[in-house]
Every structure is written in structure tokens, then in C-alpha cells.
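Student: 3D model of this:
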Amino acid sequence: MKVLVIGGAGYIGSHVVLALLDAGYQVTVFDNLSSGSKLNIQKEVSFINGDILNKSDLRKTFNTKFDSVIHLAGLKSVSESIKNPVLYYETNVKGSINILNAMVVSGVKNLVFSSSASVYGNPTYLPVDESHQTKPINYYGCTKLIVEKELEVYRKKFGINFVSLRYFNAAGYDLNKRILDVEKSPANLIPIVMETMVGDRGCVEIYGGDYETPDGTCIRDYVHVTDISIAHLKSIEYIKKKEKSLIVNLSTGMGTSVKEVIERVGKNLQYSISDRRDGDPKELVASNKKAFKNLKWVPRFSDIETIIESMKKVYIK
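Tutor: Residues are numbered from 1 along each chain as shown. Next comes the predicted model:
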């Protein structure tokens, strides 16, 4: 089976490719390398340097007949999305629509979409499930929700079946150390903590130390990137078997605070506390019951110790 992984040279994408290769899929990666790395593209993979905003690039790529598409390309910084919403609309929304239109023309009916927990906004109850209201508090989350709504339109009009995976905080690295290049300009906590640990940063900046949580810092639900990758594989299998669409959380139901993460990485790591950041809920953990029921997905590697140790193996040279 031929699978096109758009954004397959990026942090999550390169791990998804590993899961597909391990399962025997034939993989093509489409990526503009703006945040991805050629070092993380496996030798068994066909690589196309292209951009989702370039319709010609997509048209040429879809001249090959693919069975399924996994779409992970896009911008993902919460703070940047608030400062520059036009850029995020152009890339995340228009880029996704370009992909959907290319699928329609080529007749590809199966899509796995990289969505986000940010579609929920401030939770009104915990753990968050898929029935929770979607009310994003940052523009990054808005773009993901807009695309999910477009997916439903394309399902009804063109018969494109999809699984939208609402990731919670992806972290960790391949346990067999097959991904060698670290994420460029990370915006997420744990890679920033790792950069501080190896001396690439002076300290970790904590955005807000006065939240109504046990230690005053935000609490998040961390999921190992290998577990997330396996969910993509199970999503393809689900679409092929069921021929219908699905939206699910990828989460553990357990939360770890910012300070807890820092202390688990290193007791003496330096950090500073600055003002709260717009668009950050104080706590965000979620139920994964729907993913287990429909995809038979269980997060096997997502305890915080495994996540941190797998990252140390990559960051410590």
C-alpha cells in the first residue's frame, strides 16, 4: 500500500514514517524542509521537496496513485499564531484545502489529519472528551478546527473519509534511536528543557507561575511520539476497513506540570518565571476512551520517564 506523508520530514512526521515502514507500507514523503530535516528521512522512502501552498507541486505529486494520505504539514506555534494569524490561515487552512483538492482530482479517498487539543480551548471539565465544546483560545487552534470542518464538507461532497487525530502534547523520540536530528526552533516545553540541559539555552522560561494548580504552573497531558505514530497506522487501517470518518483524542488522561517536567529532567536546571502567555489554559488532560474503542489504541510509551529518557538519548551527544 502506497502512503503519502505530507510533512514527513518533521518531528512527528518522521516518526510516523517509521511506524509505516515497520508495518510494510510503501512511503513517499512530501515536505518543504522549513522545519523538517533530510537527516530524518529513511533511505527506503521516496522524497519530494514541495510546498502545500504550491498547487503545481501537489498536482505533480498526486500524479502517482496513493492509497492514503497523512497530512502533518503546517505551522504550530501558539504565540506566533496570535501575532500573525494571516500566516497561519494561509499555511494551515489554505494549504490543507489545496491538499484536499489534489486528493479529489486524483481520486484518493483516505486521509489522516494532524489536529490538536487546542481546538477545545479552556476546558469546562476534565478529562476532556470529544464531546467537549470546541472553542479555541488561540488562532493555531482555530485553524485546526476550520480544517476539521472542511474535512466534513469534503467527506459529504467528495466521499473523502478521514480520521482527525487531536494530539495532546507530543514528546519523546524513537526508542531505537533511528531519528537523529532534533527539532528545529522548538516551541514546546520538553525540547526547550532539553536544550537548556545541554547548554544551548541559558534557562527555561516558564510562562506564568500563579495558575490555580498545585505548583502554580500549567499542567499538560504528554504523549510519546511513537504512540502517536502508531495511532496514524491504526487510523489508516480503520478507514480502509470501516470506510467512515472519525475524530479522536490522542492522550493519556494524566497531567504533568511545567515545574515537574523541569525537575524530572534535572534538579539544578535554571528557569525563570515570566507573565502568562495568551492562549494557554491552566490544565489540559483528556480521555482516550474513544481512541481505544475505535482504533484499539493504547499509549504504551507515554509515561513521563520514558518520554524524557528517550529524548536524552538524542540530545546528549
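Student: let me see the backbone angles for residue 9.
Tutor: With angles defined as degrees, to the nearest 10, residue 9 sits at phi -100, psi 0.
Student: what number of residues lie near it?
Tutor: Counted with other Cβ atoms under 10 Å, residues neighbouring residue 9 total 27. The C-beta positions use only the backbone N, C-alpha and C, and glycine is treated the same way.
Student: mind checking how far it is from residue 39?
Tutor: 9 Å (Cβ to Cβ, to the nearest Å).
Student: try residue 196
Tutor: Going from residue 196 to residue 39 by Cβ to Cβ gives 23 Å.
Student: tell me the spacing between residue 316 and residue 192.
Tutor: From residue 316 across to residue 192, the span is 16 Å (Cβ to Cβ).
Student: those two - which one has more neighbours?
Tutor: When neighbours are counted by other Cβ under 10 Å, residue 192 comes out ahead of the other of residue 316 and residue 192, with 19 against 9.
Student: which residues does residue 47 form beta bridges with?
Tutor: Under DSSP bridges, the beta-bridge partners of residue 47 are residue 29.
Student: spit out the contact partners of it.
Tutor: Applying Cβ atoms under 8 Å, 6 or more residues apart in numbering to residue 47 gives the contacts 9, 28, 29, 31, 38, 41.
Student: what's the closest non-adjacent residue to the fourth one?
Tutor: The spatial neighbour of residue 31 that comes closest, neighbours along the chain excluded (Cβ to Cβ, 6 or more residues apart in numbering), is residue 9 at 3.9 Å.
Student: contacting residues around the one you found?
Tutor: With Cβ under 8 Å, 6+ apart, residue 9 has these contacts: 29, 31, 33, 36, 37, 38, 40, 41, 47.
Student: please enumerate the helices of the protein.
Tutor: 11-22, 55-61, 78-83, 85-88, 95-106, 139-158, 189-197, 225-242, 258-265, 289-295, 304-315 (DSSP state H).
Student: give me the low-pLDDT residue ranges for the stretch 51-200 of the chain?
Tutor: Scanning the stretch 51-200 of the chain for pLDDT under 70 picks out nothing.
Student: picking that back up, so can I have JSON lines of the contacts of residue 9 showing distance to residue 281?
Tutor: Shown next, in JSON lines, are the contacts of residue 9 (distance: Cβ to Cβ, whole Å):
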{"residue": "29", "distance to residue 281": "33"}
{"residue": "31", "distance to residue 281": "31"}
{"residue": "33", "distance to residue 281": "32"}
{"residue": "36", "distance to residue 281": "28"}
{"residue": "37", "distance to residue 281": "31"}
{"residue": "38", "distance to residue 281": "36"}
{"residue": "40", "distance to residue 281": "31"}
{"residue": "41", "distance to residue 281": "35"}
{"residue": "47", "distance to residue 281": "37"}
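Student: re earlier: in the contacts of residue 47, find the pair that's most separated.
Tutor: Farthest apart among these by Cβ to Cβ are 28 and 38. That separation is 14.6 Å.
Student: tell me which of these two has more neighbours.
Tutor: Neighbour comparison, residue 28 and residue 38: the larger count goes to residue 28, with 19 against 12 (by other Cβ under 10 Å).
Student: quick one: that one and residue 15, what's the gap?
Tutor: The gap separating residue 28 from residue 15 is 16 Å, by Cβ to Cβ.
Student: residue 312: neighbouring residues, count only.
Tutor: Look at residue 312: counted by other Cβ under 10 Å, it has 15 neighbours.
Student: need the distance between the two termini of stretch 213-222.
Tutor: 17 Å (Cα to Cα, to the nearest Å).
Student: for the residue nearest to residue 57 when sequence neighbours are not counted, which residues are in contact?
Tutor: Distance criterion Cβ to Cβ, 6+ apart; nearest residue to residue 57, sequence neighbours excluded, is residue 50 at 3.4 Å. Residues near residue 50 by Cβ under 8 Å, 6+ apart: 30, 31, 32, 57, 58, 60, 61.
Student: do that again at 7 Å, thanks
Tutor: Residue 50 makes contact with 30, 32, 57, 58, 61, according to Cβ atoms under 7 Å, 6 or more residues apart in numbering.
Student: ok, the second one touching residue 54?
Tutor: Looking back up the chat, that one is residue 32. No - taking contacts as Cβ atoms under 7 Å, residue 32 lies outside contact range of residue 54: 8.5 Å.
Student: who's more crowded, the two?
Tutor: residue 32 (18 against 13).
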